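Asks: Could you work out the structure for the sequence below:
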Amino acid sequence: MELFLGYLFIFVARVTDVSMATIRMIMVVRGRRAQAAMIGFFEIMIYVMAIGKVLDGLNNPINLLVYASGFATGNFVGIFLEEKMALGSIIVQVISDHDVLKLVEILRENGFGVTVVEGYGRNGIRHLLNITLQRKNLAKLHNIVEEHDASAFMTVMDARSIRGGYFTGNKKK
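Replies: I've put the predicted structure just below:
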């Protein structure tokens, strides 16, 4: 039983610290220094305890397998958590061939700020819709665009810092 609990500790510790590392890296990229530092503090404490347990039982190859399994699972869990947290802002660019002004109207009615830029594509004049939004609202935007024009071209980019402008949360109803 003690051996099993040791394996369980190593696995859970690795899943936890690797998941924390994923979230910490997102915080670093987004410029959230204080949160990244705090997560890093606890992450490394858990890591040291897990690696210590593995090194204490280095003659047991199952420790290494459990450690590696925890690392792999932690990557999966960390990415899953980060997607669910949907931290930060993004910029979505949409190019649609189907009644662009109607799409702009629908997006604005749903609280999205839209800037329309005219450009020239392979098939002539095109309208590029620039929409800056919180990541948590991406699914809503995607559904609206998909419903309006299933063949619309969309690109999504991370926005590290945003100042000014119009956001869904700022809309007065």
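Asks: Which strands border the top strand by length along the chain, and is each parallel or antiparallel?
Replies: If you go by DSSP state E, the chain has its longest strand at strand 124-134. Sheet pairing here is set by DSSP bridges, and for strand 124-134 it gives strand 89-95 (antiparallel), strand 114-121 (antiparallel).
Asks: Low-confidence regions, the protein specifically.
Replies: Applying pLDDT under 70 to the chain flags residues 161, 166-173.
Asks: What strand or helix carries the residue nearest in space to the middle of the chain?
Replies: Among the residues of the chain, the one closest to the centroid is residue 83, at 4.3 Å (CA atoms, centre = their mean). Using DSSP states H and E, residue 83 sits within helix 61-85.
Asks: Any chance you could list what contacts that helix?
Replies: 6-7, 10-23, 26, 50-51, 53-54, 57 (CB atoms under 8 Å, 6 or more residues apart in numbering). Using the backbone N, CA and C atoms, a C-beta is placed for each residue, glycine as well.
Asks: Look at residue 31 and tell me its secondary structure.
Replies: Three-state call for residue 31 (DSSP: H, G, I helix; E, B strand; the rest coil): coil.
Asks: likewise residue 163?
Replies: Classified using three-state DSSP, residue 163 is coil.
Asks: And it, how close does it get to residue 132?
Replies: 11 Å (CB to CB, to the nearest Å).
Asks: can you pull the buried residues of the helix or strand residue 139 falls within?
Replies: Per DSSP H and E, residue 139 falls inside helix 138-148. Neighbour-count burial for helix 138-148 flags 138, 141, 144-145, 148 (criterion: 16 or more other CB atoms under 10 Å).
Asks: Now residue 88, what are its backbone angles?
Replies: Backbone geometry at residue 88, expressed as degrees, to the nearest 10, gives phi 90, psi -180.
Asks: my guess is it contacts residue 159, does it?
Replies: Yes: in this structure residue 88 lies within contact range of residue 159 using CB atoms under 8 Å: 7.2 Å.
Asks: What about residue 122, how many residues nearby?
Replies: Close neighbours of residue 122, defined as other CB atoms under 10 Å, add up to 5.
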